[in-house]
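J.: just need the structure, nothing else, for what follows:
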Amino acid sequence: MAGLVWGMLFGAIGMGYCLYARQQRAPIPLFCGVGLIFFPYFVSGTVLTLLIGAALMAIPWVWK
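T.: Next up, the predicted model:
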């Protein structure tokens, strides 16, 4: 159940990143947003989901 909730949360954040990237024409948030949307389908562990999601959310802030 936790994996489903975290997957939905990261998918919603990924959608926000994609909308922001489209508006700003920025490729890095776009790739991270797409990654946030699709990676929960391929990862089964909750801890691994949290780590990958946090890393994908941090990349656009670190890489400027």
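J.: neighbours of the closest residue to Phe39 other than its chain neighbours, how many?
T.: Leaving aside its sequence neighbours, Phe39 sits nearest to Ile52 (C-beta to C-beta, 6 or more residues apart in numbering; 5.7 Å). For glycine as for every other residue, the C-beta is placed from the backbone atoms N, C-alpha and C. Counted with other C-beta atoms under 10 Å, the neighbours of Ile52 add up to 18.
J.: next, Ile52: secondary structure please.
T.: The three-state assignment at Ile52 reads helix, by DSSP: H, G, I helix; E, B strand; the rest coil.
J.: ok, it touching Ser44?
T.: No - if you go by C-beta atoms under 8 Å, Ile52 and Ser44 don't touch, sitting 11.6 Å apart.
J.: where do the strands of the chain begin and end?
T.: With DSSP state E as the definition, the chain shows no strands.
J.: which helix in it has the most residues?
T.: helix 2-24 (DSSP state H).
J.: now that one: how far from the chain's centre is it?
T.: Relative to its parent chain, helix 2-24 has a centroid offset of 5 Å by C-alpha atoms, centre = their mean, to the nearest Å.
J.: mind listing what's buried in that helix?
T.: For helix 2-24, burial by neighbour count (16 or more other C-beta atoms under 10 Å) applies to 6-7, 10-11, 13-14, 17-18, 21.
J.: swap in stretch 31-46?
T.: Using 16+ other C-beta under 10 Å as the test for burial, stretch 31-46 gives 31-37, 39-40, 43.
J.: now, these that are in helices?
T.: 31-37.
J.: tell me the pLDDT of Gly7.
T.: Note on Gly7: pLDDT of 89.
J.: show me what contacts the residue lying closest to it once chain neighbours are set aside?
T.: Spatial nearest neighbour of Gly7, excluding adjacent residues (C-beta to C-beta, 6+ apart): Pro40 at 3.2 Å. For Pro40, the contacting residues are 3, 6-7, 10-11, 49, 53, by C-beta atoms under 8 Å, 6 or more residues apart in numbering.
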